[in-house]
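Q: Below are the sequence and a predicted model for it; my questions follow.
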Amino acid sequence: MPSWSLSRRLILVLTGSLTGLWLLATLASTLVVYHEISEVFDSALQETAQRILPLALSELNHPDDEDRDDREHERTIGDGLSYQDHEEHLVYQIRDRSGRVLLRSHDAQSAPFPIPLSRGFAAAGGWRYYTEMALSTDQFIQVAERLEKRIDTVTETLTWLTAPLLLLVPLAAGAIFLTVRRSLQPIGAVREAIVSRSGLNLSPIPDADLPIELRPIVRDVNRLLERLARALENERDFAANSAHELRTPVASALAQSQRLEVDLKDTPQQARAAQITRILRRLGKLVERLLQLARADSGIALSREPVDLMPVLTLVIDEFSHVAGGQERIRFDDGGHRTLTARADRDAIGIALRNVIENALLYGANNTPVEVWVDAAHSIHVANEGAVVKTNKLAKLTQRFQRGDDGADGSGLGLAIADTIMQQSGGGLSLHSPAIGRDGGFEAVLHLG
């Protein structure tokens, strides 16, 4: 199903609705204006006819002596006068009962108007007419007006009512955009609060300042976080308690197997006793890793106080240089840094360093050096020789119980623990294979926050 944006839909719907309602209101206003204008113009036609008719009849019935012989012929108001050219909105004719034109305005047509001689309004040929009758003389006046004038007036009115849309629509869209974005900000805040929640932060999301529409959703999410927190806490407690309870029995069993291996020296059973010892050592390391994992999951590295980590780094290097497998293999270069300041927890960084270096010793090629150095950005690099790890496998090595492909006796937890600790410290763990600037090998980089 295609994705869609709530804010975009609100902006489009509200802007479109506002524009549509404005257009409907404009149309309704235009109809009302046209009706009112028609009434005003019709009233003007009627008033003009009633005012001109007595004057025209006086002109017809009392002509000047020099015009007396022409009174039987059609006459034009203003004969002999000079008028400036102009557009006549109203023209009229005086007609007798037979329809003959007796008198007309100077701009009126000479042919009789194409309407009957009956009192009232009529329309024909794009003109609006009003006819009035003089009862005493059976003469009629017909006043005409072009309907085009009314249409032009309504069109201008419609234009001025619609023109503001050119400015209104962008302004309304901008106001709606700002309103919608501000109104949807609480949704973004809730989303960020949910994203920030993890196994180390399952605190409830505050809903005091949220709109009432979002509060039920946030409360349901908080109930879910509460149930998840209880489940994770139970899981951590189980892992930590189990590892703690197993630690002593495993150590005791390992001591007994080592004693048994000595007692069975030079006997056929010595190999089996040695195998049991190796298994118990692996079990002991797994128990230790589970305890480290429980500590990491509990948020051991969440300290944000700046500390000097150089003593921790040198101590861990020194520890590995005194154990079997670490002698003569570890090469350390502090990069000229006397201090290594970062906002982190010393014990947590120590656990991460031990796991990364032990991983390099365990999975690196036999009898090849493991290089540890600090770069100019205060990141700690741990590199070892060996076969190149495939890209799809490399991306999974920070997942729990993921081991390399060479069959080494690892628990699959070391890099996962280091990655968890580094993320809690505000930094990160990046893995590279081949190592940076090389054709092979493996390199882990601890980026300090």
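A: Sure thing, it's come through. Numbers count the residues shown, from 1 in each chain.
Q: Could you pull out the strands in the stretch 201-350 of the chain for me?
A: Along the stretch 201-350 of the chain, the segments classed as strands by DSSP state E, counting those that start in this stretch run 306-308, 330-333, 341-343.
Q: What's the first helix or strand after the worst-scoring helix or strand of the chain on mean pLDDT?
A: Within the chain, no helix or strand scores below strand 75-76, which has a mean of 58 by mean pLDDT, DSSP states H and E. Once strand 75-76 ends, the next helix or strand along the chain (criterion: DSSP states H and E) is strand 90-96.
Q: Could I get the buried residue list for that following strand?
A: Leu90, Val91, Tyr92, Gln93, Ile94, Arg95 (16 or more other CB atoms under 10 Å). Bear in mind the C-beta positions are built from the backbone N, C-alpha and C, glycine included.
Q: The fifth one and Arg100 touch, don't they?
A: No - no contact is recorded between Ile94 and Arg100 when judged using CB atoms under 8 Å, the distance being 9.8 Å.
Q: Give me the contacts around stretch 383-399.
A: 360-361, 363-365, 368-371, 402, 404-406, 415-416, 418-419, 429, 431, 433-436, 438, 440-444 (CB atoms under 8 Å, 6 or more residues apart in numbering).
Q: Repeat the analysis, applying 6 Å as the threshold.
A: By CB atoms under 6 Å, 6 or more residues apart in numbering, the residues outside stretch 383-399 that reach it are 360, 364-365, 368, 370-371, 402, 415-416, 419, 431, 433-435, 440-443.
Q: Name the SS class of Glu132, please.
A: Three-state assignment for Glu132 (DSSP: H, G, I helix; E, B strand; the rest coil): strand.
Q: How about the contacts made by the nearest residue to it once chain neighbours are set aside?
A: Distance criterion CB to CB, 6 or more residues apart in numbering; nearest residue to Glu132, sequence neighbours excluded, is Ala49 at 4.1 Å. Taking CB under 6 Å, 6+ apart, we find Ala49 in contact with Tyr130, Glu132, Ile141, Val143.
Q: Determine which two of the residues you listed are furthest apart.
A: Greatest spacing in the contacts of Ala49, by CB to CB: Tyr130 and Ile141 (8.7 Å).
Q: Break down the stretch 251-400 of the chain into its helices, ranges please.
A: 270-297, 310-320, 346-363, 391-394 (DSSP state H, counting those that start in this stretch).
Q: And the contacts of Ala49, which of them are buried?
A: Tyr130, Glu132, Ile141, Val143.
Q: Distance of the second one relative to Ala144?
A: To tie it back to what came earlier, the one meant is Glu132. Using CB to CB, to the nearest Å, Glu132 is found at 13 Å from Ala144.
Q: sorry, back to before: in strands only, show me the contacts of stretch 383-399.
A: Taking DSSP state E, the ones among those that sit in strands are Val370, Glu371, Leu431, Phe442, Glu443.
Q: what about the closest residue to Ser29 other than its chain neighbours, is that helix, strand or coil?
A: Using CB to CB, 6+ apart and skipping residues adjacent in sequence, the residue nearest Ser29 is Leu161, 6.0 Å away. With three-state DSSP as the basis, Leu161 sits in helix.
Q: Hmm, Leu161 is touching Ala25, no?
A: No - the criterion here is CB atoms under 6 Å, and Leu161 misses it with Ala25 at 8.3 Å.
Q: Between the two, which is the more surrounded one?
A: More neighbours surround Leu161 than the other of Leu161 and Ala25, with 17 against 11 (other CB atoms under 10 Å).
Q: Can you give me the pLDDT of the more buried one?
A: pLDDT for Leu161: 78.
Q: what does Phe113 give?
A: 91.
Q: Over to Glu213?
A: 85.
Q: That one: neighbour count?
A: 9.
Q: what stretches of the stretch 201-350 of the chain score poorly on pLDDT?
A: Residue ranges of the stretch 201-350 of the chain with pLDDT under 70: 235-236, 239-240, 243-244, 297-304, 324-327.
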